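> A predicted structure for the sequence below; I have some questions about it.
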Amino acid sequence: MRDAAPQTIHLKDYTPFGFLVDKVALSFRLDPQATRVLSRIAFRPNPEAADRRFFLHGEGLKLIEARIDGEKINPEISETGLEAAVPERPFIWEAEVEIAPAANTALEGLYLSNGMYCTQCEAEGFRKITFYPDRPDVMAPFDVRIEGDQPVLLSNGNPGASGAGFAEWSDPWPKPSYLFALVAGDLVAHPDRFVTRSGREVALNVWVRPEDADKCAFAMESLKKAMRWDEEKYGREYDLDVFNIVAVDDFNMGAMENKGLNIFNASAVLASPETATDANFERIEGIIAHEYFHNWTGNRITCRDWFQLCLKEGLTVFRDSQFTADQRSAAVKRIRDVTLLRARQFREDAGPLAHPVRPESFVEINNFYTATVYEKGAELVGMLRRLVGDEAYARALDLYFTRHDGQAVTIEDWLKAFEDVTGRDLTQFKRWYSDAGTPRLRVSEDWQDGRYTLSFEQFTPPTPGQDEKPPRVIPIAVGLLGPNGDEVRRTQILEMTEEKQSFTFEGLAARPVPSILRDFSAPVILERESGNAERAFLLAHDTDPFNRWQAGRDLARAALLAMLRTGAAPDPAYLDAIRMLARDEALDPAFRALALDLPGEEELAQALFDAGEIPDPQAIWEALERFRQTRAEAMADLARALYDAHQVTAPFAPNAAQSGARSLANAALAMITRLDGGALARRQYDSADNMTLQLGAFSCLLRTDRAGAATRAFYDQWRDERLVIDKWFTMQIVNARPEDAAGRARELAAHPDFTLKTPNRFRAVFGALSANQAGFHHASGKGYALLADWLIRLDPLNPQTAARMCSAFETWRRLDPSRQKLIKAQLERMLAVPGLSRDMTEMLTRIRAA
Ligand code: 0A1
Ligand code: ZN
């Protein structure tokens with residue numbers, strides 16, 4: 001049976017559930033085809049609720065028996081749940097249901113991954129396990145008993161009795177059902193311990209398949225760092241006797257913060273120097289921290305309803321970014337975050353899928369785990385912190401934690417904590433949560449008699465369902481530099497609240513050069529006419545590392561746009577400036593590597609579109625190629641010197657210093673490969689003792705005539721390491737020439753190692769295809785057709801992952817009529833598939849409506 005007729009859920013319709021839950025007791029008898037789940041739930045009427053209808057969610061469940069206070073009943077069952085008549089007093093609900101984990105390919109609810117039982121309940125997966133009020137504002141303590149012949153049986157909370165074939169768990173902290181978890185399998189532990197600052201001893205474990213036991217140490221170290229950091233920076237301690245992390249191969253997302261039992265996509269936890277890149281290590285550290293931080297921001301204090309998702313996600317992303325900034329380099333982290341925000345969130349905000357950080361309606365909540373909710377949500381927390389200051393931010397968080405511990409709350413509650421601590425009125429700030437779209441900030445300046453005036457004008461383009469956008473509060477961090485490069489005004493936050501507003505600086509000896517939106521103080525698009533001379537000046541002198549990087553980026557972008565518009569050659573101003581920067585030994589190698597990164601195809605396409613032009617993905621790719629080739633030639637000697645100077649001789653460590661050196665060396669290698677045909681890359685490939693260098697060399701070789709041999713060698717070496725084989729799939733497609741990308745993806749989807757069952761593998765091929773912009777948007781339309789074919793195949797098995805990948809089509813309206821027509825045809829074709837999931841239907845309908 002496929003999904004019921006799609007229904008739109010609205011924020012404004014929220015009502016509390018008619019009953020409170022005092023206790024949940026679950027008992028599982030595991031079996032691949034017929035798992036039995038017994039539930040015993042203590043309900044009592046909710047005095048705050050008007051509606052006493054007793055409806056329990058439930059999907060795909062076979063009800064064996066249901067009882068109220070021991071009396072058998074015959075509830076009315078529909079596709080989405082059941083309804084029963086219940087007493088007007090506390091009562092005990094009991095139900096026994098049967099489910100089939102082996103048949104669950106959607107990876108939501110209880111499923112099997114490589115013979116291991118595991119669960120994913122966020123957002124609405126618990127209803128596929130048993131009948132329950134599956135909504136985040138219903139919180140209860142859970143006791144769980146698992147019966148099965150697997151050696152390891154895990155659930156949330158603290159361990160209780162266990163013996164041959166069974167284990168009991170008890171979670172004293174009231175939690176919503178989306179945080180429930182169960183794992184059963186043949187697993188080994190990588191154990192450790194942590195003593196909290198109040199002296200509580202916590203047993204820590206990373207559970208993996210036996211063959212992965214050597215890839216857990218880094219995750220464990222990251223976990224301990226995160227636990228300490230949350231105590232030191234937020235005063236938050238862990239609250240159970242155990243903390244378990246489990247790695248699973250088949251998982252729709254990165255990881256999940258289930259109380260005391262985090263379940264991770266294997267790619268977000270397993271790492272060894274030979275198999276994981278520096279970027280993988282950094283991602284693992286960040287995700288481990290993210291899930292751990294949810295223990296307070298998400299679990300102890302959770303969301304009233306799914307519209308409030310950003311309450312836990314925006315805040316937790318903000319916290320994990322702070323953590324990474326503290327562990328590594330704050331500047332590098334900020335640059336990476338903003339690059340991602342612009343590539344994903346700005347793109348989302350500018351297209352048919354644009355939605356507010358707190359959406360007002362949805363059909364399928366799984367479609368709203370987006371860059372807007374997560375990344376823009378985190379930016380809003382950062383802006384709040386800037387506006388109130390660090391000290392008030394800390395007090396507001398303390399108030400939020402004490403006031404709402406154990407509750408399911410809203411964005412209003414969150415903002416109220418800030419209002420109460422600071423006395424500020426945050427009504428206008430709240431627009432950031434309700435209004436979609438990226439504000440544009442136009443800047444002009446004036447210099448007269450020692451008075452320097454910056455004038456700003458804000459404007460947010462319309463987004464689906466929202467035409468009018470009143471002005472927002474925008475914290476604009478500004479510093480001023482004097483003509484000799486000295487900073488004459490330190491960073492200050494200009495608080496813009498009007499549509500147009502000016503700020504004047506007095507008493508300056510000479511006309512300054514402004515550094516605007518330092519540290520990217522607000523998620524806006526800055527529109528400013530400034531020349532290359534000024535950009536080069538800021539690149540050389542700005543004290544704000546983010547804006548220094550931005551100046552280089554602006555130079556490159558202006559040069560690339562000029563090439564695209566006039567066929568000009570790459571601008572020598574850029575080449576001079578970048579040579580100087582690359583050579584500057586005072587600068588962190590990681591920063592220099594980031595400065596060598598060019599604006600991506602997405603950024604250039606959107607810039608052209610914003611200027612009223614039609615971006616041609618092929619032309620953009622060609623311009624970037626030409627630019628890279630010219631730059632490689634202009635930097636030939638320097639590239640070799642950089643390469644030699646950044647060879648790491650110390651034993652491998654995935655820390656910021658070594659990974660910075662390796663990324664600069666790999667950036668240099670990419671330039672050198674354009675000139676030496678891959679000779680040096682081949683040497684690096686052969687001698688590499690870690691995946692960062694091996695993969696860096698491999699991706700270079702893929703662009704040379706040594707590609708075939710390298711591809712075979714890489715596969716032969718790594719055929720038994722599934723996470724490395726994912727990279728092998730991806731690399732071949734992202735490095736393919738535009739005309740070859742779809743063909744390569746088609747071949748790889750026919751490879752015996754390809755499977756629809758593992759989202760990582762599906763994304764390794766089709767995520768890579770959509771990342772190869774010129775390849776995906778090849779004028780023939782073959783990229784579009786191929787992706788549509790495979791989404792149609794994936795949808796019946798895993799609608800969630802299929803739906804997420806529809807966003808590859810979200811930019812269609814900015815393309816030329818011919819490509820638009822090709823995409824439209826694929827959208828129609830997919831929408832016409834009988835029984836298409838609610839997930840895909842919602843995504844495709846929204847995209848098509850553009
Ligand atoms: N809450 C998790 C992400 C997550 C969301 C949904 C999932 O299944 C639909 C799985 C994980 C996080 O923020 O890490
Ligand atoms: Zn999260």
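Done, it's in. Ligands and ions are numbered 1, 2, ... in the order given.
> any idea whether the residue of the stretch 101-250 of the chain at minimum distance from ligand 1 is helix, strand or coil?
Relative to ligand 1, the nearest point of the stretch 101-250 of the chain is residue 122 (4.4 Å; C-beta to the nearest ligand atom). C-beta: built from backbone N, CA, C; applies to glycine. Three-state assignment for residue 122 (DSSP: H, G, I helix; E, B strand; the rest coil): coil.
> What's the mean pLDDT across the particular helix or strand that has residue 377 in it?
Secondary structure assignment for residue 377, by DSSP states H and E: helix 377-388. Average pLDDT, helix 377-388: 98.
> Format the CA atom coordinates belonging to stretch 317-329 as CSV.
Taking C-alpha atoms only, stretch 317-329 is exported to CSV below (Å, rounded to 0.1, in the frame of the first residue of the first chain):
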residue,chain,number,x,y,z
VAL,A,317,24.5,23.6,14.0
PHE,A,318,25.6,26.9,15.5
ARG,A,319,27.0,25.1,18.5
ASP,A,320,28.9,22.5,16.5
SER,A,321,30.4,25.3,14.4
GLN,A,322,31.6,27.1,17.5
PHE,A,323,33.1,23.8,18.6
THR,A,324,34.9,23.2,15.3
ALA,A,325,36.1,26.8,15.3
ASP,A,326,37.6,26.2,18.8
GLN,A,327,39.2,22.9,17.9
ARG,A,328,40.7,24.1,14.6
SER,A,329,40.7,27.5,13.0
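> How about the residues of the protein by ligand 2?
When proximity is defined by C-beta under 5 Å from the ion, the chain lies next to ligand 2 at 313, 316.
> Find the closest residue to ligand 1 in the chain.
Of all residues in the chain, residue 253 sits closest to ligand 1, at 3.6 Å by C-beta to the nearest ligand atom.
> burial measure for that residue, as a count.
19 (other C-beta atoms under 10 Å).
> Model confidence score at it, please.
pLDDT for residue 253: 98.
> just residue 6 next, same as before
So, for residue 6, pLDDT stands at 78.
> again, but for residue 3
pLDDT recorded at residue 3 is 45.
> Assumed residue 227 was part of a strand.
No. Counting by three-state DSSP, residue 227 falls outside a strand, being helix.
> Look up how far residue 292 lies from it.
Distance, residue 227 to residue 292, by C-beta to C-beta, to the nearest Å: 6 Å.
> Which neighbours do the two have in common?
residue 243 (C-beta atoms under 8 Å, 6 or more residues apart in numbering).
> okay, now residue 324: neighbour count?
Residue 324 - counted by other C-beta under 10 Å - has 23 other residues nearby.
> Contacts only, for it.
Counting by C-beta under 8 Å, 6+ apart, residue 324 has contacts 282, 285, 286, 289, 333.
> State the pair within the residues you listed that is farthest apart.
289 and 333 (12.2 Å; C-beta to C-beta).
> If you count surrounding residues, which of those two has more?
More neighbours surround residue 289 than the other of residue 289 and residue 333, with 25 against 22 (other C-beta under 10 Å).
> Surely that one touches residue 321?
No. At 9.5 Å, residue 289 does not count as touching residue 321 under the criterion of C-beta atoms under 8 Å.
> re earlier: and what about the residue of the chain closest to ligand 1, helix, strand or coil?
Applying three-state DSSP: residue 253 is coil.
> shouldn't it be in contact with residue 265?
Yes. Between residue 253 and residue 265 there is a contact under C-beta under 8 Å: 6.8 Å.
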